[in-house]
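J.: predicted model and sequence below, questions to follow.
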Amino acid sequence: MTADRGSAPAGPPVISVRGLSKSYGDRQVLGDVSFDVPRGRVVGLLGRNGAGKTTLMKSLLGTATVDSGSVEIFGAAPGPGHAQRVGVAMDGIGFYPAATVRRELALWATALGVPKRRIRDVIDLVELTGHERQRCAKLSTGQRQRLRLATALLVPGVELLMLDEPANGLDPDGIRWVRRFIKDMAASGKTVLVSSHQLSEMENTVDDVLLLDKGRLVHTGSLHEFTAGGRFALEDRFFEVVGGIRA
Ligand SMILES: Nc1ncnc2c1ncn2[C@@H]1O[C@H](COP(=O)(O)OP(=O)(O)OP(=O)(O)O)[C@@H](O)[C@H]1O
């Protein structure tokens, strides 16, 4: 079953990428990538390990330089001004181990210019209530993922969420929680770009698919179209397009 929410709404895209290319040394990791992300959609960024997903996310955030092409977020090049409209949860971003959950969020709130009273709200939003005084070093994988999501939500009214592997390392309950979280965010009108390896989960979560293979965008469009209205599993279509080991 797919999470079809109909076709994309009209209006200017939230993310617009044209002809993006990037190499590390003589290795090209993004090659002529172009796509738009319309407002209010949940878009899954899929691809094997090393396909270029994180590099693409970093390019969208302006933290990775690109060799050619352009990125526009809300009609402007990525920059610090976007911190008020874009919430980011990147896999691998560390927390200060000795800080408590509350203290860690206070540090982020200061960096983002967000009033401290917002911390209570985001702790509740990601259901870390009761863990405010727990040290980051002692959080479980699931709790760390939630804390990461909490940092992405600190700016009230953030319009675009970029989530890099939010369900990485989670148990089935945690994965289900992330699914519900993303759906809630979409229901509240936010646009969500989410990268993941969990194809069955993505099948239940996203409206649109961006499929990267060796730095090339090999599919962009609705999940409905990609899976022929749910007749094919996303995982089967994934392997059909990018190749790989069959079960
Ligand atoms: N700073 C870097 N210097 C050199 N090569 C890099 C650097 N960052 C990434 N790469 C290479 O770029 C390619 C794409 O990496 P990237 O992390 O974007 O892939 P990914 O799709 O996010 O992979 P994964 O699913 O494993 O997280 C890989 O071959 C990786 O080794």
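T.: Good, I have the coordinates.

J.: up against the ligand, what does this protein have?
T.: Residues of the chain found near the ligand (CB under 6 Å from any ligand atom) are 24, 29, 47, 49-55. For every residue, glycine as well, the C-beta is placed using N, CA and C.

J.: show the buried residues in the residues you listed.
T.: The neighbour count (16 or more other CB atoms under 10 Å) marks 29, 47, 51-55 as buried among the residues of the chain next to the ligand.

J.: out of the residues you listed, which sit inside strands?
T.: Judged by DSSP state E, strands contain the following of these: residue 29.

J.: so the chain: which segments form each domain?
T.: Here the domain assignment for the chain is 13-85+159-170+189-242, 92-158, based on automatic domain parsing.

J.: and residue 133, which helix or strand is it part of?
T.: Taking DSSP states H and E as the definition, residue 133 sits outside all helices and strands.

J.: which residues touch it?
T.: Residue 133 makes contacts with 100-102, as judged by CB atoms under 8 Å, 6 or more residues apart in numbering.

J.: which member of those residues is positioned nearest residue 182?
T.: Closest approach to residue 182 among these (CB to CB): residue 101, at 21.4 Å.

J.: tell me if I'm right that residue 11 and residue 41 touch.
T.: No: taking contacts as CB atoms under 8 Å, residue 11 lies outside contact range of residue 41: 11.3 Å.

J.: the more surrounded of the two?
T.: More crowded of residue 11 and residue 41, by other CB atoms under 10 Å: residue 41, with 23 against 9.

J.: might one say that that one is in contact with residue 205?
T.: No: with contacts counted by CB under 8 Å, residue 41 stays clear of residue 205, the gap being 11.5 Å.

J.: how about the strands in the protein?
T.: Under the criterion DSSP E, the chain contains strands at 15-24, 27-37, 42-46, 68-73, 86-89, 160-164, 191-195, 208-213, 216-222.

J.: adding mean pLDDT, write these out as a markdown table.
T.: Listed next are the strands of the chain as a markdown table, based on pLDDT from 0 to 100:
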| stretch | mean pLDDT |
| --- | --- |
| strand 15-24 | 96 |
| strand 27-37 | 96 |
| strand 42-46 | 96 |
| strand 68-73 | 96 |
| strand 86-89 | 94 |
| strand 160-164 | 95 |
| strand 191-195 | 96 |
| strand 208-213 | 96 |
| strand 216-222 | 94 |
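
J.: give me whichever of those strands is most buried.
T.: strand 42-46 (a mean of 26; mean count of other CB atoms under 10 Å).

J.: still on that earlier bit, redo the domains of the chain as TSV? Include distance to residue 180.
T.: Formatted as TSV, these follow (distance: least, CB to CB, whole Å):
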stretch	distance to residue 180
domain 13-85+159-170+189-242	9
domain 92-158	10
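
J.: which residues does the worst-scoring helix or strand of the chain on mean pLDDT contact?
T.: Least confident helix or strand of the chain, by mean pLDDT, DSSP states H and E, is helix 199-203 with a mean of 87. The contact list for helix 199-203, computed with CB under 8 Å, 6+ apart, reads 1-3, 44, 46, 167, 175, 178-179, 194, 196, 209, 223, 227, 233-235, 238.
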